[in-house]
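Student: below are the sequence and a predicted model; questions follow.
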Amino acid sequence: MSAKAKDQQKTPSSRRWVAKVKTVSTFPPKGLFNMSAETIARSLASRKVSPKGPGSGMRMLTYYINRAGNNLSAERRAELQRAKKLLSERVTRARAHKRVA
């Protein structure tokens, strides 16, 4: 295998980029991601947790799911995906509201 081909191979550290992230821009309440989907969506859509709007909350939720990886149970992952769907609906409504205003 050539040196170039070796460089192009994915290493375990490059696949797990999310594990290296250390910065925190907002602070969702402790234990938020262990709550119901409705509570998660409502909290992440609030300006207190997501100052830049519900789109920012959606990124936080996606980041949490990616970071948890295989450590999430099937039930918890399903609840988080449900929260993601609810939050997505809020993002869509917020964008529609901005276009009208």
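Tutor: On my side now, so go ahead.
Student: contacts, neighbours, all on C-alpha from now
Tutor: Will do.
Student: quick one: mean pLDDT over the helix or strand where residue 99 lies.
Tutor: Using DSSP states H and E, the element containing residue 99 is helix 74-100. For helix 74-100, the mean per-residue pLDDT is 89.
Student: before we move on, what about stretch 32-47?
Tutor: Here the average pLDDT along stretch 32-47 is 93.
Student: how about it, which residues are buried there?
Tutor: 33, 37, 40, 41, 42, 43, 44, 45 (16 or more other C-alpha atoms under 10 Å).
Student: touching stretch 89-101 from outside, list them.
Tutor: Outside stretch 89-101, the residues that touch it by C-alpha atoms under 8 Å, 6 or more residues apart in numbering are 45, 54, 55.
Student: in TSV: these, plus distance to residue 91 and secondary structure.
Tutor: Formatted as TSV, the contacts of stretch 89-101 follow (distance: C-alpha to C-alpha, whole Å; DSSP: H, G, I helix; E, B strand; the rest coil):
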residue	distance to residue 91	secondary structure
45	8	helix
54	6	helix
55	6	helix
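Student: could you export the residues you listed as a markdown table, including distance to residue 99?
Tutor: Listed next are the contacts of stretch 89-101 as a markdown table, based on distance: C-alpha to C-alpha, whole Å:
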| residue | distance to residue 99 |
| --- | --- |
| 45 | 18 |
| 54 | 16 |
| 55 | 15 |
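Student: ends of stretch 45-57, what's the gap?
Tutor: 6 Å (C-alpha to C-alpha, to the nearest Å).
Student: before we move on, back to that, chain center to the helix holding residue 99, what's the gap?
Tutor: Offset of helix 74-100 from its chain centre (C-alpha atoms, centre = their mean, to the nearest Å): 11 Å.
Student: can you check stretch 39-54 too?
Tutor: That offset, for stretch 39-54, works out to 12 Å (C-alpha atoms, centre = their mean).
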